[in-house]
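# could you work out the structure for the sequence below:
(one chain, ligands or ions: 1)
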Amino acid sequence: MSLVEVAGVTHTRGSTIVLHDIDLRLDAGRLAVLAGRSGSGKSTLCHLVAGVMTPSKGDVRVDGVAAHRVRDWAAVSLLPQRLALATELTVAENALLPARIRRRTPEADLLESLGLAGIAGRPVHQTSQGERQRTALARALVLRSTVAVLDEPTGHQDDEHVGMVVDALRAAATAGTLVLVATHDQRIIDVADDVVRLSSGRVSG
Ligand SMILES: Nc1ncnc2c1ncn2[C@@H]1O[C@H](COP(=O)(O)OP(=O)(O)OP(=O)(O)O)[C@@H](O)[C@H]1O
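All right, here's what the predicted structure looks like:
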């Protein structure tokens with residue numbers, strides 16, 4: 001059994017079929033990329049694996065459990081495109097919240113590795129879009145979850161910070177997380193273990 005199993009998934013949004021009969025198996029400790037043009041269905045598939053949507057047809061399972069029933073951030077974490085940060089809290093409070101809730105000690109250098117140490121104490125509403133995105137990425141990585149689903153993690157990053165993000169994704173995969181990334185950023189695709197290409201809602205290669 002693979003860690004993530006997507007079987008016969010067709011998904012409809014509004015009146016449009018946005019995913020067609022998707023089959024996919026992904027294993028632990030891999031950096032897996034969902035690549036494809038804007039509108040090809042990457043975010044939708046991310047949402048299904050993260051369990052925030054249920055498929056119209058077919059099955060999405062994480063470790064044998066229907067993805068929408070998994071409620072534990074240590075099992076499946078998510079970096080959504082819209083980030084969903086608490087903007088009145090600081091960068092560190094947001095990023096480390098999942099660890100604090102579980103009384104777990106976060107990795108000492110997580111904020112440093114994402115270039116956030118210098119602004120750790122600043123409220124998120126006083127940060128840039130790129131800093132916010134890295135804060136939400138840190139929150140998705142802080143528990144070393146079994147699966148981390150990351151939707152466009154470099155969308156707001158300059159070259160230097162793309163390098164930091166890529167290193168963080170590789171480190172998470174090396175530590176055992178299945179890192180599932182929706183992106184069209186070639187710099188991530190170049191270091192991926194698995195690349196799944198979506199085209200108009202179908203796996204194309
Ligand atoms: N709420 C919605 N209602 C109807 N259609 C939707 C909705 N959200 C997305 N879609 C459509 O579903 C398709 C897949 O969208 P999705 O966001 O998964 O693509 P994507 O590959 O992640 O795109 P991007 O790279 O631009 O984020 C698109 O054709 C989009 O127009």
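# in the protein, which spans are strands?
In the chain, the segments counted as strands under DSSP state E are 4-13, 16-26, 31-35, 57-62, 65-66, 76-79, 147-151, 178-182, 194-199, 202-203.
# need these in CSV with distance to the ligand, mean pLDDT and mean neighbour count, can you?
Yep, even glycine has a C-beta here, placed from its N, CA and C like the rest. Converted to CSV, those look like this (distance: least, CB to the nearest ligand atom, whole Å; pLDDT from 0 to 100; neighbours: other CB atoms under 10 Å):
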stretch, distance to the ligand, mean pLDDT, mean neighbour count
strand 4-13, 4, 97, 17
strand 16-26, 4, 96, 17
strand 31-35, 8, 98, 24
strand 57-62, 14, 98, 18
strand 65-66, 20, 96, 13
strand 76-79, 13, 97, 24
strand 147-151, 7, 98, 27
strand 178-182, 6, 98, 28
strand 194-199, 7, 96, 17
strand 202-203, 12, 96, 16
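# any idea how far the closest residue to Leu96 other than its chain neighbours lies from Val179?
Excluding the flanking residues, the one nearest Leu96 by CB to CB, 6 or more residues apart in numbering is Pro106, at 5.0 Å. The gap separating Pro106 from Val179 is 18 Å, by CB to CB, to the nearest Å.
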